[in-house]
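# quick one, what's the 3D model for this:
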Amino acid sequence: MPRRNNPWPAYVDLFSALMIATLGGMALLAAAYRDVENQNARVNAVRQQATRIGTRLDQAMKRSGGTFQSVLRSCGDDTCIDLYIHFDKNEDTISNTDEHERLSAFCSAMKDAINSEFSAQERKAVEIVVEGHADRSQIHNNTDARTRFLYNWVLSSRRAAAVLYEFGRVGMQVPAYNIVAIGYADSQPLCTDPDPSDDCLSRNRRTTLRLRVDTKRLEEMMKTVPQLGSIRR
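Residues are numbered from 1 along each chain as shown. The predicted model follows:
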């Protein structure tokens, strides 16, 4: 009778290969999971620091008193500070001298707070967005539809740029700082009364400072700076 070959060694080899592949895959998954955990921890660390900066600035402005008002609030994962800088209707100039001086002090305080909380590399992971807003009224004239549509968008952008200019005066400029300006026209009103009073419209003519963690930039930076995101108390 022909002699049968024993199949078990082949099965054992196949099983061993499968076990090695499985364990290797599990090790890769565990390493990837640790990387994700570390990245999330660093993102949360930077976000907590940004929140602390917002709190410090809000408290400093409340202690200063005067006509310049600010309100700290949470806006999703970001930290927002509404800056109630008075803009005259259809204007982008900070007309109140006291407000202008206090805004300059606010910008300096922001720079000091960010510099004390973050390294030069980490600052670029904190995006500072100056948002400009307008009320829903416009100058009534015989302009064309395109001009009327663009009016509040351009006006709110100029208001944001006016505040951004004050940050630039104290040295907060790109690329050293991740700071931009954007206008939202009248798309995000604080006061939504159907028949708005002058005070209601005035509340909507404002700027908002948004502190946001730029996770994409942080991820890119962490590839070259592994220790990035260490907490500084």
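
# in this structure, what spans have low per-residue confidence?
1-19, 21, 23-36, 39, 54, 57-69, 139-142, 218-219, 222-233 (pLDDT under 70).

# can you give me the helices for it?
With DSSP state H as the criterion, the chain has helices at 8-64, 97-117, 120-123, 145-169, 198-204, 215-224.

# residue 111: what's it in contact with?
If you count contacts by CB atoms under 8 Å, 6 or more residues apart in numbering, residue 111 has them with 167, 170, 171, 172. The C-beta positions use only the backbone N, C-alpha and C, and glycine is treated the same way.

# residue 128 now?
Residues in contact with residue 128, defined by CB under 8 Å, 6+ apart, are 110, 167, 172, 177, 178, 179, 180, 209, 210, 211, 212.

# wait, doesn't the fourth one sit right on residue 114?
Yes. Contact status for residue 177 versus residue 114: in contact at 7.3 Å, counting by CB atoms under 8 Å.

# hey, what's in contact with both of these two?
Common neighbours of residue 177 and residue 114, using CB under 8 Å, 6+ apart, are residue 123.

# gap between residue 144 and residue 183?
Distance, residue 144 to residue 183, by CB to CB, to the nearest Å: 20 Å.

# between these two, which one's more packed in?
Higher neighbour count among residue 144 and residue 183: residue 183, with 22 against 7, using other CB atoms under 10 Å.

# make sure that one is actually in contact with residue 160.
Yes. Between residue 183 and residue 160 a contact is recorded at 5.4 Å, counting by CB under 8 Å.

# which ones are touching the nearest residue to residue 126 once chain neighbours are set aside?
Leaving aside its sequence neighbours, residue 126 sits nearest to residue 50 (CB to CB, 6 or more residues apart in numbering; 5.4 Å). By CB under 8 Å, 6+ apart, the residues touching residue 50 are 78, 79, 126, 211, 212, 213.

# one more time with 10 Å
77-79, 113-114, 117-118, 125-128, 210-213 (CB atoms under 10 Å, 6 or more residues apart in numbering).

# for it, give its distance to residue 175.
With CB to CB as the criterion, residue 50 and residue 175 are 19 Å apart.

# just residue 49 next, same as before
20 Å.

# more neighbours, these two?
residue 49 (24 against 7).

# quick one: that one and residue 211 touch, right?
Yes. When contacts are counted by CB atoms under 10 Å, residue 49 is listed as touching residue 211 (9.4 Å).

# who touches both of those two?
Common neighbours of residue 49 and residue 211 (CB under 10 Å, 6+ apart) are 114, 126.

# which ones are touching the residue nearest to residue 193 when sequence neighbours are not counted?
Nearest residue to residue 193, sequence neighbours excluded (CB to CB, 6+ apart): residue 200, at 5.0 Å. Going by CB under 10 Å, 6+ apart, residue 200 touches 135, 136, 189, 190, 191, 192, 193.

# I figured residue 117 hits residue 56, correct?
Yes. The pair residue 117 and residue 56 passes the contact test of CB under 10 Å, sitting 8.9 Å apart.

# neighbour-wise, which of those two wins?
Using other CB under 10 Å as the criterion, residue 117 and residue 56 rank with residue 117 on top: 20 against 17.

# ok, now how distant is that one from residue 126?
Residue 117 is 9 Å from residue 126, by CB to CB.
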